[in-house]
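In: Predicted model and sequence follow; I will ask about them next.
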Amino acid sequence: MTPEQVAAACKPLALELGEAFSRCPSTLRRARLLGISGWAFYITGRAGALGDVRAETVAAALGFIAPEAVADGWDAAARTVPPLEVATANLAECCRWGAARLGGSPEVSRLAGLLGRAVEAADGSAMPLFAAWRAMPVSDPSPGARAAVGLLLLREHFAGAYLLAVRAAGLTPLEAVLAGPEGETGAAACGWAPPYPPVGPLVRRRLWAEAVTDRLVSPAFRALGPVEGTELVHLLTAARPRARGG
């Protein structure tokens, strides 16, 4: 497989597995322990790695969530707990989930190693959220935790690359969401309010942006080569049932 083919094959797996921990009931309980809502924990847990910045900056980094929805979560959390503290708690939950859900696999050490090498080789230019997360210290050295953090980082790398590609395609983030598989349902879930623009003319641009995303992320997989890149795809596919609780 070429690096771009590896990127295309890994993308749906990384996007799903990289945020699976955030839907875990234990992760949601952490929000209550911090005294904030689940939405505030999601927004600040994800963007808190940027530090104490304004909601407008967070909205620009996240891209696909409506600025008003970002501000609701970010400002509500900031009144109670510092953003970096929420991000640290989020990272701890990611490690806990990885150790519990992925740690029992005999291949988890190999998965963690391949993910770590890909993430280390990734180009973080114009991807502030990915770069901020890559700089976060990880205190849990267990293979399951390292694999989960690698998935989180790879997800943020894909998300950052897609945001760049969407803007290069002449699409707004809202238009990209509408042209995606979830359409208006996805737009509403991301906090965008109707009326929405027509989708028809947008689909071709979104498909172009998907291809550009693969190209932007492909340098991360050049560090692995075709054999190990294919192996990573297989390991991610095998990890999916465990991540889902199977």
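Out: Now that the structure is in, tell me what you want to look at.

In: starting at the chain centroid, how far to stretch 56-66?
Out: 13 Å (C-alpha atoms, centre = their mean, to the nearest Å).

In: Please read the previous query as pertaining to stretch 20-33.
Out: 16 Å.

In: Not counting it itself, show me its contacts.
Out: 37-38, 40-42, 45-46, 89-90, 92-94, 96-98, 101, 148, 151-152, 243-244 (C-beta atoms under 8 Å, 6 or more residues apart in numbering). For every residue, glycine as well, the C-beta is placed using N, CA and C.

In: List buried residues within those.
Out: By neighbour count, with 16 or more other C-beta atoms under 10 Å, the contacts of stretch 20-33 hold 37-38, 40-42, 45-46, 89-90, 92-94, 96-98, 101, 148, 151-152, 243 as buried.

In: Flag every buried residue along the biggest helix by length in the chain.
Out: Longest helix in the chain, counting residues (DSSP state H): helix 143-168. Neighbour counts using 16+ other C-beta under 10 Å place 143-166 of helix 143-168 among the buried residues.

In: now whatever helix or strand residue 93 lives in and helix 143-168, what's the angle there?
Out: Assigned by DSSP states H and E, residue 93 belongs to helix 83-101. Here helix 83-101 runs at an angle of 120 degrees relative to helix 143-168 (axes from the mean of the first three to the mean of the last three C-alpha atoms, to 10 degrees).

In: Helix 83-101: how far from the chain's middle?
Out: For helix 83-101, the distance to the chain centre is 14 Å (C-alpha atoms, centre = their mean).

In: elements contacting it?
Out: Of the remaining helices and strands, those touching helix 83-101 by 3 or more C-beta pairs under 8 Å, 6 or more residues apart in numbering; DSSP states H and E are helix 25-34, helix 38-47, helix 67-78, helix 143-168.

In: For burial, what's the neighbour tally of the residue lying closest to residue 163 once chain neighbours are set aside?
Out: Sequence neighbours aside, residue 63 is the residue nearest to residue 163 in space, at 4.0 Å (criterion: C-beta to C-beta, 6 or more residues apart in numbering). When neighbours are defined as other C-beta atoms under 10 Å, residue 63 has 21 of them.

In: for residue 141, same thing?
Out: The number of residues packed near residue 141 is 9, by other C-beta under 10 Å.

In: What score does it have for pLDDT?
Out: Residue 141 carries a pLDDT value of 94.

In: got it, and residue 68?
Out: 98.

In: how much space is there between it and residue 43?
Out: According to C-beta to C-beta, to the nearest Å, residue 68 and residue 43 sit 12 Å apart.

In: So the two - more neighbours on which side?
Out: When neighbours are counted by other C-beta under 10 Å, residue 43 comes out ahead of the other of residue 68 and residue 43, with 29 against 12.

In: residues touching the closest residue in space to the more buried one that isn't next to it in sequence, list them.
Out: Spatial nearest neighbour of residue 43, excluding adjacent residues (C-beta to C-beta, 6+ apart): residue 73 at 3.3 Å. Residue 73 is in contact with 37, 39, 40, 41, 42, 43, 44, counting by C-beta under 8 Å, 6+ apart.
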